[in-house]
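> After the sequence you'll find the predicted model.
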Amino acid sequence: MIKRTYKDAINALNSLQSNFATIEAARLTAGAKNAVLIPEMIEWTRRIGYKPQDLNRLNVIHVTGTKGKGSTCAFATSILNQYRSPVQVPGAKITKIGLYTSPHLKSVRERLIINGKPISEALFTKYFFDIWDRLNSTSSDLDKFPNMGPGVKPAYFRFLTLLSFHAFSSENVDTAVYEVGVGGEYDSTNIFESPTACGITSLGIDHIAVLGNTLEQIAWNKAGIFKPGAACFSVEQPEEALNVIKQRAVEKKVASFEVVEQRPDLAEVKLGINGDFQRQNASLAVQLVKAHLEKLGVEIGACDVLPEEFVTGLEQASWPGRCQIIKDDKREDLTWYIDGSHTTESIASGTAWFASVTNDTNRKVLLFNQQTRNVESLLEELHLQMQKSGKKFDNVIFSTNVTFSDGKYSDDLVSINVSQEKVDTMEMQKQMADIWNKFSKESRKHLFHDIQTSVNFIRTLEGPLDVLVCGSLHLVGGFLLVLDSSK
């Protein structure tokens with residue numbers, strides 16, 4: 001048998017991406033297809049050898065929201081790590097912690113983390129082809145599942161979710177934190193029958209073609225992760241959204257529901273993830289972990305005063321690409337401020353963070369891209385936040401998500417979810433420059449076809465420089481790879 005490599009696995013995985021035309025067509029019929037998504041996911045899971053109840057042994061904390069869900073998962077995982085036994089001994093409640101998030105920045109393996117580290121290339125390859133082969137050799141009841149005939153594979157995110165089930169189960173993970181991909185009710189992760197705790201971070205308008213265009217519709221969808229017997233939480237939300245969430249908690253027969261207020265004692269904790277707004281996410285993480293530990297029989301008390309383990313976990317939390325600060329290796333007077341914000345709400349908080357932590361006298365630069373969303377509202381919010389701070393961008397660079405100047409992407413960052421023609425012609429970048437010109441004619445605007453050329457250009461500008469990189473996690477991932485390649 002020919003040995004299959006990690007590169008083989010990534011190439012096979014990338015073949016499962018939906019191309020741009022398919023995605024555009026799917027958006028028009030999303031509502032009609034929603035009802036079959038969870039039954040299909042359960043069937044995919046059966047085909048790789050698992051039933052939903054088999055996943056109960058993972059002891060899942062399930063988190064959704066519009067912004068902050070990844071940070072909340074990172075905080076929760078870091079706290080849990082303080083309670084992890086280094087070896088599997090009798091009576092140990094937590095020995096292996098799995099974390100499943102999306103999207104990734106530099107490597108797809110970042111989506112499957114065990115005890116703080118992405119799974120190895122060897123394990124990724126092994127478990128990937130385990131389920132790839134199982135899906136090749138089994139089939140579904142075509143009367144019930146006409147789209148799941150022999151040889152058919154699930155789409156990219158669904159496949160990775162299946163991979164997480166198999167990898168975490170095979171590696172004996174006994175606590176897992178799962179971030180929802182999109183929404184909740186119909187998300188691929190939403191087949192857990194007995195999560196220990198479920199949480200909803202801050203809500204906003206996003207993915208309207210799938211979730212609806214009102215906060216009430218979005219709240220309904222997000223609260224779909226609530227399950228009978230689970231401790232369920234939400235941060236404070238607009239009243240119309242919170243009313244829906246409370247109704248769904250009753251409908252789902254949850255064990256308890258609580259609106260989590262920001263803990264005042266977190267003002268004294270130096271959180272491992274930057275940004276004042278992260279205290280809200282940290283507060284939710286505290287309640288999720290508390291409920292989870294209680295469900296596992298770990299005694300921690302009322303948490304009126306945060307236990308030392310919680311404080312340490314919050315301080316040691318890390319979430320790359322979100323309010324991350326990097327000093328440039330090539331220039332002492334150049335600092336990169338990186339935030340993968342890509343919704344109106346997250347752009348507002350990310351830009352406010354940048355404005356609050358940067359030096360007033362340094363020249364300000366923006367490196368931005370967004371290929372698929374409403375860029376005008378994002379750029380308007382970005383400009384508004386800078387205006388409020390009394391600061392402005394001297395230079396604004398609009399780049400595509402192409403990683404390197406030779407036109408190549410890292411294999412892990414190949415995406416066919418956007419129009420290649422729009423990338424090649426830089427249609428979106430030209431549009432963004434025109435939009436920005438309406439807000440600020442003072443900024444010098446530059447368009448580049450790739451991230452590496454953008455970074456090299458920024459390094460030539462007169463300093464000292466503070467550079468905000470935002471608008472897309474794909475942009476941030478490529479940017480971090482470019483920095484790595486230039487060391």
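Looks like it arrived, so ask away.
> Please enumerate the strands of the stretch 351-487 of the chain.
With strands called from DSSP state E, counting those that start in this stretch, the stretch 351-487 of the chain shows them at 363-368, 395-399, 444-448, 465-470.
> let me redo that: the stretch 201-350 of the chain
Under DSSP E, counting those that start in this stretch, the stretch 201-350 of the chain gives strands at 231-235, 256-260, 324-327, 334-338.
> Mind checking the pLDDT average for the first one?
Right, strand 231-235. Average pLDDT, strand 231-235: 98.
> Check the shortest one too.
pLDDT averaged over strand 324-327 equals 96, rounded to a whole number.
> Looking at the strands of the stretch 351-487 of the chain, spot the one closest to Ser389.
Closest of the strands of the stretch 351-487 of the chain to Ser389 is strand 363-368, at 10.0 Å (criterion: CB to CB). No exception for glycine: its C-beta is placed from N, CA and C like everyone else's.
> Within its sheet, name the partner strands of the closest one and how each one runs.
strand 395-399 (parallel), strand 465-470 (parallel) (DSSP bridges).
> Which among these is found nearest to Phe168?
Between the strands paired with strand 363-368, strand 465-470 lies closest to Phe168; by CB to CB that is 31.5 Å.
> any idea of the angle that closest one forms with strand 334-338?
Counting by axes from the mean of the first three to the mean of the last three CA atoms, to 10 degrees, strand 465-470 points 20 degrees away from the direction of strand 334-338.
> now the strands for the stretch 51-200 of the chain?
Using DSSP E, counting those that start in this stretch, strands in the stretch 51-200 of the chain cover 60-64, 97-100, 112-114, 117-118, 175-179, 197-200.
> I'd say Gln278 and Thr72 touch.
No - Gln278 is beyond contact range of Thr72, at 9.1 Å (criterion: CB atoms under 8 Å).
> Comparing the two, which residue is more hemmed in?
Per other CB atoms under 10 Å, whichever of Gln278 and Thr72 has more neighbours is Thr72, with 33 against 26.
> what about that one, distance to Thr201?
Using CB to CB, to the nearest Å, one obtains 5 Å as the distance from Thr72 to Thr201.
> residues shared between the contacts of the two?
The contact sets of Thr72 and Thr201 overlap at 63, 65, 281, 284 (CB atoms under 8 Å, 6 or more residues apart in numbering).
> neighbour-wise, which of those residues leads?
Greatest neighbour count in those, by other CB under 10 Å, goes to Asn281: 33 neighbours.
> That residue: what's it in contact with?
Counting by CB under 8 Å, 6+ apart, Asn281 has contacts 68, 71-72, 75, 201, 235, 273.
> Next up, the contacts around Thr335.
Neighbour list for Thr335: 325-328, 358, 362, 464-467 [criterion: CB under 8 Å, 6+ apart].
> Would you tell me what the next helix or strand after the helix or strand bottoming out on mean pLDDT in the chain is?
Using mean pLDDT, DSSP states H and E, the weakest-scoring helix or strand in the chain turns out to be helix 20-28, at a mean of 41. Per DSSP states H and E, the first helix or strand lying C-terminal to helix 20-28 is helix 30-47.
> ok, back up a step: next, format the strands of the stretch 51-200 of the chain as a markdown table and append distance to Asp450 and mean pLDDT.
Formatted as a markdown table, the strands of the stretch 51-200 of the chain follow (distance: least, CB to CB, whole Å; pLDDT from 0 to 100):
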| stretch | distance to Asp450 | mean pLDDT |
| --- | --- | --- |
| strand 60-64 | 34 | 98 |
| strand 97-100 | 30 | 98 |
| strand 112-114 | 28 | 98 |
| strand 117-118 | 26 | 97 |
| strand 175-179 | 29 | 98 |
| strand 197-200 | 37 | 98 |
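> Would you mind putting those into CSV with distance to Glu309 alongside?
CSV is the format used below for those (distance: least, CB to CB, whole Å):
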stretch, distance to Glu309
strand 60-64, 16
strand 97-100, 14
strand 112-114, 20
strand 117-118, 20
strand 175-179, 14
strand 197-200, 17
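> Which of those sits closest to Lys445?
Short answer: strand 175-179, nearest of those by CB to CB, at 35.0 Å.
> Phe233 is in contact with Gln287, correct?
Yes - applying CB under 8 Å, one finds Gln287 in contact with Phe233, separated by 5.1 Å.
> list residues touching both of the two?
Shared contacts of Gln287 and Phe233 (CB under 8 Å, 6+ apart): 197, 199, 258, 260.
> Now do the contacts for the last one.
In other words, Val260. Per CB under 8 Å, 6+ apart, neighbours of Val260: 199, 233-236, 283-284, 287.
> From Trp436, how far out is it?
Note on Val260: its distance to Trp436, by CB to CB, is 37 Å.
> Same question for the third one.
Distance, Glu258 to Trp436, by CB to CB: 42 Å.
> likewise the second one?
In this structure, Gly199 and Trp436 are 36 Å apart, going by CB to CB.
> between those two, which one's more packed in?
Gly199 (29 against 23).
> Could you give the bridge partners of the more buried one?
Here Gly199 shows beta-bridge partners Val63, Phe233, assigned using DSSP bridges.
> contacting residues for it?
Contacts of Gly199 (CB under 8 Å, 6+ apart): 61-65, 72, 232-234, 260, 284-285, 287-288.
> what do you get for Phe404?
Residues in contact with Phe404, defined by CB under 8 Å, 6+ apart, are 450-452, 482, 485.
> again, only using 6 Å
Gln452 (CB atoms under 6 Å, 6 or more residues apart in numbering).
> measure stretch 185-198 end to end?
13 Å (CA to CA, to the nearest Å).
> how about that stretch: buried residues?
Judged by neighbour count using 16 or more other CB atoms under 10 Å, the buried positions of stretch 185-198 are 185-192, 194-198.
> quick one: it to chain centroid distance?
Chain-centre distance of stretch 185-198: 16 Å, with CA atoms, centre = their mean, to the nearest Å.
> Ok, stretch 232-248 next?
21 Å.
> just stretch 95-106 next, same as before
Distance, stretch centre to chain centre, for stretch 95-106: 9 Å (CA atoms, centre = their mean).
> Same question for stretch 442-459.
The chain centroid and the centroid of stretch 442-459 are separated by 26 Å under CA atoms, centre = their mean.
> that older thread, kindly indicate which of the shared contacts of Gln287 and Phe233 lies nearest Ala35.
Proximity of the shared contacts of Gln287 and Phe233 to Ala35 (CB to CB) peaks at Gly199, which lies at 25.5 Å.
> Which among the strands of the stretch 51-200 of the chain is found nearest to Asn369?
Closest approach to Asn369 among those is made by strand 175-179 (22.9 Å; CB to CB).
> Show me what that closest one is packed against.
strand 60-64, helix 69-81, strand 97-100 (3 or more CB pairs under 6 Å, 6 or more residues apart in numbering; DSSP states H and E).
> Paired strands for that strand, with orientation please.
Strand pairing for strand 175-179, using DSSP bridges, gives strand 60-64 (parallel), strand 97-100 (parallel).
> and stretch 442-451, how far apart are its ends?
End to end - CA to CA - stretch 442-451 spans 23 Å.
> buried stuff in it?
By neighbour count with 16+ other CB under 10 Å, stretch 442-451 contains the buried residues 443, 445-451.
> if we can go back for a sec, any idea which of the strands of the stretch 351-487 of the chain gets closest to Glu171?
Using CB to CB, the strands of the stretch 351-487 of the chain put strand 465-470 closest to Glu171, at 33.8 Å.
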